[in-house]
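Trainee: Quick one, structure for this:
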Amino acid sequence: MIVWITFLTAVLIFLALDLGVFNKTPHIISSKEAGKWTGIWVALSFMFSGVIYWLYSTTYIANPDNLQPTTAAIKFITGYLIELSLSIDNIFVIAIIFAAFKIPQKYQHRVLFWGILGAIIFRGLMIFFGVMLINKFSWMTYIFGAFLIYTAMKMLFSGKDEQFQPKKSFVYRSLKKIMPISNHIDEEHFFVRRRHITAATPLFVALVVIEVMDVVFAIDSVPAILAITNDPFLVFSSNIFAILGLRSMYFFLANMLAKFSYLEYSLIAILSFVGLKMLLHEFIKLPEWVSLAFIALSLIIGIVISLRKSSKEFV
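Mentor: This next block holds a predicted model:
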């Protein structure tokens, strides 16, 4: 428990510093600033694999699968890359939500900050129940694997014109029924008082929709990482690092999303791979480096092809 408490405390301290020091004053986050923070989070994530190696060579952390330190570190990096790649879809949807509710750029960070705090709680709960289900019912592995294959095929064959419409979503329509909603943005406030009525501002509405959509995306991402490991700390920590880096990656990629259109095929390949891995785990045992190599290669190929295609279109 000491390791878990220390890890969660470190995350909360950083979040407090983020809102109270680094971003105390609302401002538009430039691509340069976002790129710097994206690099920092990716570097910290890979450095944390060294901490994982050290932890799993000691008795400080529970090791239910008796993982060797090197294996644990590889599983962490593999899980982190899976979560990072699947968060690309999150970025697309977040951009659509902010555009739909006309959230000014300088207030977007505040919305994402509280969104990430909620995501940590919901992901933690989903990981807890996911690990519990797999450990209690071994056949759940096949259910999760089949679901990931279904998700990959749905992404492959769904029409390109299908786009999430926040103001037509069930979440937005339900929210309008239970509380007054104002179209007025009152600086960085989530609620505004008008004529003795407290109404939610577009910032709060965007936060709720983003939170619900993150839970929807977690239904894919949590089973995907469970294909790599059932170790609770590895699953949770890799998720948290991917979530913490999501904000800076959003601001870094927000204006370049169209350039990475072929990354969707990388996600399809990754989901298919981990789905098949879960379905065939009784018959095929792949070395950990194979999973890591496949996921990394899928991402690299998707990025390279996207950039080459976009540069040709620009010319």
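Trainee: mind checking how far Thr71 is from Trp114?
Mentor: 36 Å (Cβ to Cβ, to the nearest Å). Just so you know, the C-beta spots here come from the backbone N, C-alpha and C atoms, and that holds for glycine as well.
Trainee: Next, find the distance separating the most centrally placed residue in the chain from Phe260.
Mentor: Nearest to the geometric centre of the chain sits Ser87, at 4.1 Å (Cα atoms, centre = their mean). As for Ser87, its distance to Phe260 is 12 Å (criterion: Cβ to Cβ).
Trainee: got any residues that touch both of those two?
Mentor: Both Ser87 and Phe260 lack any common contact, where contact means Cβ atoms under 8 Å, 6 or more residues apart in numbering.
Trainee: And the helices in the stretch 201-315 of the chain?
Mentor: Ranges of helices within the stretch 201-315 of the chain are 202-226, 232-244, 246-253, 263-279, 288-314, based on DSSP state H, counting those that start in this stretch.
Trainee: would CSV of those with distance to Lys168 and mean pLDDT be doable?
Mentor: Shown next, in CSV, are the helices of the stretch 201-315 of the chain (distance: least, Cβ to Cβ, whole Å; pLDDT from 0 to 100):
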stretch, distance to Lys168, mean pLDDT
helix 202-226, 11, 83
helix 232-244, 27, 90
helix 246-253, 23, 80
helix 263-279, 23, 85
helix 288-314, 29, 80
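Trainee: which one of these lies closest to Ile120?
Mentor: Closest to Ile120 of those, according to Cβ to Cβ: helix 232-244, at 6.3 Å.
Trainee: That closest one to helix 246-253, inter-axis angle?
Mentor: For helix 232-244 against helix 246-253, the angle by axes from the mean of the first three to the mean of the last three Cα atoms, to 10 degrees is 40 degrees.
Trainee: centre of the chain versus helix 232-244, how much separation?
Mentor: 9 Å (Cα atoms, centre = their mean, to the nearest Å).
Trainee: One more: stretch 126-143?
Mentor: 20 Å.
Trainee: buried stuff in it?
Mentor: Met126, Ile127, Gly130, Val131, Leu133, Ile134, Met140, Thr141 (16 or more other Cβ atoms under 10 Å).
Trainee: nearest to Ile300, of the residues you listed?
Mentor: Ile127 (27.4 Å).
Trainee: quick one: the closest one and Ile240 touch, right?
Mentor: No. Ile127 is beyond contact range of Ile240, at 9.9 Å (criterion: Cβ atoms under 8 Å).
Trainee: The stretch 51-200 of the chain: strands as residue ranges?
Mentor: Applying DSSP state E, counting those that start in this stretch to the stretch 51-200 of the chain gives strands spanning 191-194, 197-200.
Trainee: In its sheet, which strands sit next to the first one, and in what direction?
Mentor: Looking back up the chat, that one is strand 191-194. strand 197-200 (antiparallel) (DSSP bridges).
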